[in-house]
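Colleague: Sequence and predicted structure, then a few things I'm wondering about:
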Amino acid sequence: MEYRIGDFAVITRLSIKTLRYYHEEKLLEPSRIDPDSGYRYYSDALIPRTRRIGALREWGFSICEIREILSECSDDSELVERVRTKRAEISEKITRLQKVENELIVLLEYEKESEEMKNKSEVTIKEIGEIGMISISYKGKYSECGKYIGMLYKIGGSKLAGKVFNRYSGEEASDDAEIEVCLPVKEKIEHDGVEYKILPSCRVISTIHTGPYEELGRAYQMLVDYRDKYSLDIKGPYREIYIKGPGMIFKGNPRKYVTEVQMPLSKDSLIN
C-alpha cells in the first residue's frame, strides 16, 4: 500500500514538515516521487522504520546517530552499547541541568531577598562620636584590604573598640581608590607600619546594606539620592563599617554580610 505524504503524516503522527526534513537528511526517503506533481509517496513498509526513528529521537539520539544506527543495527541487541552510552550522556546532562537549576533558584531567591532588603533599607542621620583608631593606607583594589584587616586585628589585640571600617579618600569607593583600613581601639597604639589617629565627631547620613560587597552600589545610590534631595554637603571620605562579614577562617554567606555605609556631613549642612 502506498500513501501520499499527507496521509502518511497522519498514520505516523509526524508533521509533513518533519517528513520532508527526514527526506532531506536521507533518513527516511519516500518510496517514489511523482515526476509531474512532485508529490512524495510512502509505502506501508516504511512505517516500522518511521516508528524506530521516532523512538530514537525521543531517546535523545541525533539525526546523524540515528542514520548510523539504522544502517548498522538490525535488532535491539545491537543497540545495547549505543543505548548505554546515550544513557550516560543523558545522566550527565541531567546532573548539569540540576546544578544550573539550583544556581538559578539561589539567584532568584537572592534577588528577592535583596529587593526586600532594599525596600526595607532607609537613610538615617546620626551623630558619630570621636573615634581613636589605628589604620593602614594604600592605593589599590578593594579586594586587597583583607590582608590589612588581619594585620590590624593582630596589632590591636585586646584593645579593640569597634568594628573595622574603610575610608575612601576623595569620596570615591572604587577598586582604584586610596583606601584607609581603620580599626577602632581603646587607647593609643604605636606600631611600625600603622598610624594612630583620632577622628573628630561628626554627623553622617547612613544606611545599612545586607548582602555581598559587590552590591554595595545600591547603598551608595540611596545615600547619593538622599544627599541630592535635601541639598546636603558631604565633607570627608566615605566610610564602610563591616558589621558582619567573612570570618578569619570561614567566608560565611555573602548574602548575610551586613555593612553600614556613612557619608560625613559638613557643619554647614542644614537638615530639616
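Modeller: On my side now, so go ahead. The structure presented is a predicted model; accordingly, all values stated were derived computationally and were not measured. Residues are numbered from 1 along each chain as shown.
Colleague: Tell me where the chain has helices.
Modeller: 5-12, 16-24, 47-58, 63-72, 80-120, 145-156, 217-229 (DSSP state H).
Colleague: Would you mind putting those helices into CSV with mean neighbour count, distance to residue 41 and mean pLDDT alongside?
Modeller: C-beta here means a position set from N, CA and C on the backbone, and glycine is covered the same way. Written out in CSV, the entries for the helices of the chain read as follows (neighbours: other Cβ atoms under 10 Å; distance: least, Cβ to Cβ, whole Å; pLDDT from 0 to 100):
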stretch, mean neighbour count, distance to residue 41, mean pLDDT
helix 5-12, 16, 7, 92
helix 16-24, 15, 11, 93
helix 47-58, 15, 13, 91
helix 63-72, 14, 20, 88
helix 80-120, 11, 31, 78
helix 145-156, 16, 75, 90
helix 217-229, 15, 66, 92
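Colleague: which stretch among the ones you listed comes nearest residue 237?
Modeller: Between residue 237 and these, the tightest spacing by Cβ to Cβ is seen for helix 217-229, at 13.1 Å.
Colleague: what's that closest one packed up against?
Modeller: The helices and strands touching helix 217-229, judged by 3 or more Cβ pairs under 8 Å, 6 or more residues apart in numbering; DSSP states H and E, are strand 202-210, strand 258-264.
Colleague: could I have it exported to CSV, CA atoms only?
Modeller: Output for helix 217-229, consisting of C-alpha atoms alone and laid out as CSV, is shown next (Å, rounded to 0.1, in the frame of the first residue of the first chain):
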residue,chain,number,x,y,z
GLY,A,217,26.4,50.3,45.0
ARG,A,218,22.7,50.2,46.0
ALA,A,219,23.5,51.6,49.4
TYR,A,220,25.6,54.4,47.8
GLN,A,221,22.8,55.2,45.4
MET,A,222,20.4,55.6,48.3
LEU,A,223,22.8,58.0,50.1
VAL,A,224,23.5,60.0,46.9
ASP,A,225,19.8,60.3,46.2
TYR,A,226,19.2,61.5,49.8
ARG,A,227,22.0,63.9,49.6
ASP,A,228,20.7,65.5,46.4
LYS,A,229,17.1,65.5,47.6
